[in-house]
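J.: take this sequence and fold it.
(2 chains)
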There are 2 protein chains.
Amino acid sequence: MLNHEYFMRQALAEAKKACDKGEVPVGAVIVNHDRIIARAHNLTETLNDVTAHAEMQAVTAAANVMGGKYLTDCTLYVTVEPCVMCAGALRWAQISRLVYGAPDEKYGFSLFSPPVLHPKTAVTPGVLADECAALMKAFFEKRR
Amino acid sequence: MLNHEYFMRQALAEAKKACDKGEVPVGAVIVNHDRIIARAHNLTETLNDVTAHAEMQAVTAAANVMGGKYLTDCTLYVTVEPCVMCAGALRWAQISRLVYGAPDEKYGFSLFSPPVLHPKTAVTPGVLADECAALMKAFFEKRR
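T.: Below you'll find the predicted structure:
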């Protein structure tokens, strides 16, 4: 069944790929009419590039598939609440919906005002939040 | 003389390249110990990619030159006040200083709270502000 949990599991699979590379485990997929058009995971260490968050790569890849820079008919699934950089990119892309797993109480976009996302972007937080958070927690505990 | 105006003129030269391509005219350079290590201009239309702001490309290119993702000894010169996406990238990069030209009263990062930039990032606004703003104004008037 193609529901929020199904697609979040795909994002989780991406997050696990990041984890295997020693990257902070965040994964994302972008869906257009029930079809995954982009998959990405955090690669900031591998690429030596702070802009290589999963969401940023997914936005770039999805725009390439869609043939246009606006993602007005797309949903981003991401395992952790996006930071302001990524939320800013989602704002410019005017994405239809953002679905995220675990909240980010330190860097999450929802801490900022005025709202960072486009007013037309719907937000669904907390999908498989415990699994998404557990992956992050395990990663940071191992690094201590 | 290698001062703020000198480097902002280099960023303006980049902005003019954007303008010539029909792109919103924003240009940026990143400087490390008086040496320009990255030059970029807005390419969102050309690349069909909302993430292709001048600042984002400059951060990626500079990290490549520096051999590390932190730009703690670098200054970004950009013709227009960065948006939250770009300011978020500068925050992750912990850039030493941001120098910008024209303010962006609609999308500028300074509209948001809590502060988007890293607390250690110094900000110098208003360098060649009139020239930077005039380039933007001429571009948008032509498009009407």
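
J.: all contacts plus neighbour counts: C-alpha atoms, from now on.
T.: OK.

J.: ok, now how distant is the residue in chain A positioned nearest to chain B from residue A:3?
T.: For chain A, the residue closest to chain B is residue A:85, as judged by Cα to the nearest Cα, at 3.8 Å. Noted for residue A:85: a distance of 27 Å to residue A:3, by Cα to Cα, to the nearest Å.

J.: which of these two has more neighbours?
T.: residue A:85 (31 against 8; other Cα atoms under 10 Å in any protein chain shown).

J.: which residue is the nearest non-sequential neighbour of that one?
T.: Spatial nearest neighbour of residue A:85, excluding adjacent residues (Cα to Cα, 6 or more residues apart in numbering or on different chains): residue B:85 at 3.8 Å.

J.: may I ask which helix or strand encompasses that neighbour?
T.: helix B:84-93 (DSSP states H and E).

J.: what does residue A:28 give?
T.: strand A:27-32.

J.: show me what that strand is in contact with.
T.: A:7-8, A:10-16, A:18, A:36-42, A:54-55, A:58-59, A:62, A:73-80 (Cα atoms under 8 Å, 6 or more residues apart in numbering or on different chains).

J.: can I have the buried ones of those as a ChimeraX selection?
T.: With 16 or more other Cα atoms under 10 Å in any protein chain shown as the criterion, this ChimeraX line picks the buried residues out of the contacts of strand A:27-32:
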select /A:7,8,10,11,12,13,14,15,16,18,36,37,38,39,40,41,42,54,55,58,59,62,74,75,76,77,78,79,80
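
J.: and the contacts of strand A:27-32, which of them are in strands?
T.: A:36-41, A:74-80 (DSSP state E).

J.: just put the residues you listed in CSV and tack on pLDDT and distance to chain B.
T.: Below are the ones in strands among the contacts of strand A:27-32 laid out as CSV (pLDDT from 0 to 100; distance: Cα to the nearest Cα, whole Å):
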residue, pLDDT, distance to chain B
A:36, 98, 18
A:37, 98, 15
A:38, 98, 14
A:39, 98, 16
A:40, 98, 15
A:41, 98, 16
A:74, 98, 15
A:75, 98, 16
A:76, 98, 15
A:77, 98, 18
A:78, 98, 17
A:79, 98, 19
A:80, 98, 16
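
J.: just send those residues back as TSV, with distance to residue A:92 too.
T.: Shown next, in TSV, are these (distance: Cα to Cα, whole Å):
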residue	distance to residue A:92
A:36	20
A:37	18
A:38	18
A:39	19
A:40	19
A:41	20
A:74	13
A:75	14
A:76	14
A:77	17
A:78	17
A:79	21
A:80	20
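
J.: now do residue A:73 against residue B:93, distance only.
T.: 32 Å.

J.: re the thing from before, just how off-centre is the helix holding residue B:85 within its chain?
T.: Centroid displacement of helix B:84-93 relative to its chain, using Cα atoms, centre = their mean, to the nearest Å, is 11 Å.

J.: swap in stretch A:107-124?
T.: 13 Å.

J.: for that stretch, which outside residues touch it?
T.: Residues from elsewhere that reach stretch A:107-124 (Cα under 8 Å, 6+ apart): A:81-84, A:87-88, A:90-92, A:94-100, A:105, B:84, B:111-114.

J.: what about residue A:100, which SS state?
T.: Assigned by DSSP: H, G, I helix; E, B strand; the rest coil, the conformation of residue A:100 is strand.

J.: can you count the residues close to it?
T.: 25.

J.: is it correct that it is in contact with residue A:75?
T.: No. Residue A:100 lies out of contact with residue A:75 (Cα atoms under 8 Å); the separation is 10.3 Å.

J.: quick one: contacts for residue A:60?
T.: B:49, B:50, B:51.

J.: top helix in chain A by residue count?
T.: The longest helix of chain A (DSSP state H) is helix A:4-20.
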